[in-house]
Structure formats: structure tokens, C-alpha cells
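> predicted model follows, preceded by the sequence.
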Amino acid sequence: MADFVEKGDIYFFYRPTVNVEKVQSLDDVQRLHIILVPDAADTARLFLVGKKRMPEIIKGKPKSTAREWMMNDMTGKPKAVGEALAPLEYETKTRGEQEQGEAIPAGEGRYAIFARDNSSRLAYRLTSPDKPGKAQAELGILAEASYVISVRNPSLDVPGFPDSKPNYPKPLQEKFADKRWIDIDDGTLLDYENAQMLLIGAHDDLSDEGVSITGKANLFKTLGLKKRDWPTEALEAGKLAEPQMQPEAREPSGDRSKGGERGGKAARQTASAAGIAQALKGVDFPCRKADLVKQAKANDASDEIIEVLNAFPDRQYETMADIQKALGEVR
């Protein structure tokens, strides 16, 4: 019998590349996100998946595509995480106002983290869409799947993984000792921003794991999103969809003349993609790293965001897509 660490809802979102008018394949996707919302907890975790795709489930000889990293980009109230998925606006000197489209829901279901065969596992079962389609195939999302999941020791370098490190408290850091990876015996290991995990494809049939995952997720209600505002073709029919929202559709209440507070306090003050975008609101492109730091300070960005921007390569940045690329390089 499986020894469960936690259960909850799992949601998959993809954010298309800037200025792509039609999403036709993985090449048109900029980010793949997983959101885990544990049962009986008033928090949600937003993860970034490396290479924009879930690891393959490969029988027999292992391949490099059967493993991938996943990093915590934000932990907060479920509705704050939902706000971080909204469109992002920014100004450019040559192209005027530009917009990064909203993250598009591509799957919802239930998940479990449990111990099995001297390892920890992350398994899920989709409740929507009823049958995975092209969108899920491009992103590597199956009807159900399980992965061996390990947490990276932030004090040790691991080639191919982001450089960012979580600020674990001493009791959690001591769990690692001198090990490069540890199993998940405590769900709080996943709660810290920049915490990194290794996923290795295991099974595409949960009966092989000897577990049953029940229940039904409610993505829109849990994340506080209005279903009528969001493209649902990928979630409901498995079809690749494009952004359709105007930024104002997700503008929180407040003084809109001051730009609102999209993303919530947690997103604005941390070096997540949403936090960086908010900190650079009003920046003129093209610009250099020093200009980014200057704009972030003018917007009263947190010390964490300033530190990340100072780590950016010193080159010219033409668009917000260049910023997000640099963010991926330094993390």
C-alpha cells in the first residue's frame, strides 16, 4: 500500500511565445507550468517545467527525454497564483505597447505524492479534457502518468539545472546532508520559491503503481478565474488555443490609472516571471541591463528582483521575450 505524502488538485497551463498569432506546435509555446494545490491547504504552488514539456514515459532503455527539471516559480494563495497567469503588458520604444498573452489551461485533474520502491512518486489523473488531444500531445500531458520525483540539494551544483536556490530553513536543509537528491517525505520541500525537482518518467497506467487517484478538480473556482474570460479549447477539447484576453479582463480592483496590481503582492515582490514583468513596467526597449535595474528600482522592486536583474547577461534587450529568456538563463 502506498505511503501518501499529500494529495490535491493539479493544473497544467502553457504560455504562448510573444507575438505568436496562432499556436500550432511546441515551437509556439514559451512556458509550461504545473500548479499543485494540496488538499486542506490554503496555498498553491506554481512550477516551471524545463524544455516546456513533461518527461516522456519510455519503457525499456532510458533516454534523456524521460527526465526533466521542475522549479517552483511562486507559492501563494490560489487566487494570487491565478492572477499571475493573466496577460502582461509592457512598453517598447520601437513597437509601443506589447502584450504577453495569458497562460492557457491545458489540463486539470488530481495528483498524489507517495513513496514506492525506495523512491518518491508524483502521479496524476486528468479529469479534463476527457481525452487528451494535440495540445496535450505537444506538451507531454497524458490521461494519467507517474514520475519518480526527487528534490535537488540547493548547496550542490547540478549541471543543466537553474542556478537559483531556495531559502530553506535549517531543518529542511539538514534533510539533504551531503546527498545531491532526496525523496519527498515532507510536502513543504516543494513550498519554497526556486526549489527544484527532477522528474523521471515511470508509468502511463496508474495500476502499475498500485494507486487509485479519485476526485474531480475545479480549476476556475480554485484559482478564482472567470471561465468566460479564458480560452478553454485546450482544456475541454484538447485543441491548441491562442490568448484571447485583454489585460483589463484580469485587472484587480483599484486605481487603474496607476496600472493596477496584476499578479498580487506575492507575485510582484518575488523574482517570478510575473514579478519581473511587474518590476519592469514602463521600461523602454531596446535597453541594457543597467536600464532594467534602474527601472526596477524606480518601481520599488524588492531586493530579490534587483539581485536577479543584476545577474542578467550584460547585453541589449529588444523585447520582454528577451527578458524572460535571460531569466531562464540565470535561474
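All right, it came through fine. In this text, all values refer to a predicted model and were calculated from it rather than measured experimentally.

> which residues of the chain fall in helices?
If DSSP state H is used as the criterion, the helices of the chain fall at 78-83, 134-139, 170-173, 219-223, 233-237, 264-269, 273-279, 289-298, 303-310, 320-330.

> among those, which is nearest Lys7?
helix 219-223 (14.2 Å; Cβ to Cβ). No exception for glycine: its C-beta is placed from N, CA and C like everyone else's.

> thinking again about what came up before, most tightly packed of the helices of the chain?
Each of these was scored by mean neighbour count; the highest is helix 273-279, a mean of 26, by mean count of other Cβ atoms under 10 Å.

> export the helices of the chain as TSV, with columns for distance to Ala145 and mean pLDDT.
What follows is the helices of the chain, written out as TSV (distance: least, Cβ to Cβ, whole Å; pLDDT from 0 to 100):
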stretch	distance to Ala145	mean pLDDT
helix 78-83	22	94
helix 134-139	11	98
helix 170-173	27	94
helix 219-223	18	97
helix 233-237	17	97
helix 264-269	29	40
helix 273-279	25	81
helix 289-298	39	91
helix 303-310	32	89
helix 320-330	25	80
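
> give the contact list for the closest residue to Leu156 other than its chain neighbours.
For Leu156, ignoring the flanking residues on the chain, the nearest one in space by Cβ to Cβ, 6 or more residues apart in numbering is Arg180 at 5.3 Å. If a contact means Cβ atoms under 8 Å, 6 or more residues apart in numbering, then Arg180 has 152-153, 156, 158 as its contacts.

> among these, which are located in strands?
Counting by DSSP state E, the contacts of Arg180 place Arg152 in strands.

> now the contacts of Arg180 in JSON lines, with pLDDT?
Output for those, formatted as JSON lines (pLDDT from 0 to 100):
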{"residue": "Arg152", "pLDDT": "97"}
{"residue": "Asn153", "pLDDT": "97"}
{"residue": "Leu156", "pLDDT": "92"}
{"residue": "Val158", "pLDDT": "88"}
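
> can you check the contacts of Arg180 and name whichever has the most neighbours?
Neighbour counts for those (other Cβ atoms under 10 Å) peak at Arg152, which has 23 neighbours.

> need the contact list for the closest residue to that one other than its chain neighbours.
Nearest in space to Arg152, with sequence neighbours left out and distances taken as Cβ to Cβ, 6+ apart, is Gln196 at 4.3 Å. For Gln196, the contacting residues are 69-72, 151-152, 154, 161-162, 164, 166, by Cβ under 8 Å, 6+ apart.

> could you measure from the nearest residue to Asn167 once chain neighbours are set aside over to Asp186?
Among residues not flanking Asn167 along the chain, Tyr192 sits closest, at 6.3 Å (Cβ to Cβ, 6+ apart). For Tyr192, the distance to Asp186 (Cβ to Cβ, to the nearest Å) stands at 12 Å.

> please enumerate the shared neighbours of the two.
Taking Cβ under 8 Å, 6+ apart as the criterion, Tyr192 and Asp186 both touch Leu172.

> now render the contacts of Arg180 as JSON lines, adding distance to Asp205.
Formatted as JSON lines, those follow (distance: Cβ to Cβ, whole Å):
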{"residue": "Arg152", "distance to Asp205": "28"}
{"residue": "Asn153", "distance to Asp205": "32"}
{"residue": "Leu156", "distance to Asp205": "34"}
{"residue": "Val158", "distance to Asp205": "30"}
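
> out of the contacts of Arg180, who's nearest Ser146?
The closest of the contacts of Arg180 to Ser146 turns out to be Arg152 (Cβ to Cβ; 19.7 Å).

> pLDDT below threshold where in this structure?
1, 60-63, 89-99, 246-271, 331 (pLDDT under 70).

> can you give me the strands in it?
Secondary structure of the chain by DSSP E: the strands cover 3-16, 29-38, 44-49, 67-76, 88-92, 96-100, 104-116, 119-128, 144-152, 181-182, 196-203.

> helices and strands around the shortest one, which ones?
To tie it back to what came earlier, the one meant is strand 181-182. strand 144-152 (3 or more Cβ pairs under 8 Å, 6 or more residues apart in numbering; DSSP states H and E).

> parallel or antiparallel, list what pairs with the strand it packs on.
Strand pairing for strand 144-152, using DSSP bridges, gives strand 119-128 (antiparallel), strand 181-182 (antiparallel), strand 196-203 (antiparallel).

> so which of the ones you listed comes closest to Ala80?
Closest approach to Ala80 among those (Cβ to Cβ): strand 196-203, 21.6 Å.

> quick one: the closest one to chain centroid distance?
In terms of Cα atoms, centre = their mean, to the nearest Å, the centre of strand 196-203 is set 15 Å apart from its chain centre.

> now do that strand against strand 29-38, angle only.
Relative orientation of strand 196-203 and strand 29-38, computed by axes from the mean of the first three to the mean of the last three Cα atoms, to 10 degrees: 90 degrees.

> restrict strand 196-203 to CA atoms and write it as CSV.
Extracted in CSV, the C-alpha atoms of strand 196-203 (Å, rounded to 0.1, in the frame of the first residue of the first chain):
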residue,chain,number,x,y,z
GLN,A,196,14.0,22.3,-7.9
MET,A,197,12.9,18.8,-8.6
LEU,A,198,13.9,16.1,-11.0
LEU,A,199,11.1,14.2,-12.8
ILE,A,200,11.8,10.8,-14.4
GLY,A,201,9.0,9.2,-16.4
ALA,A,202,7.7,6.0,-14.8
HIS,A,203,4.3,4.7,-15.8
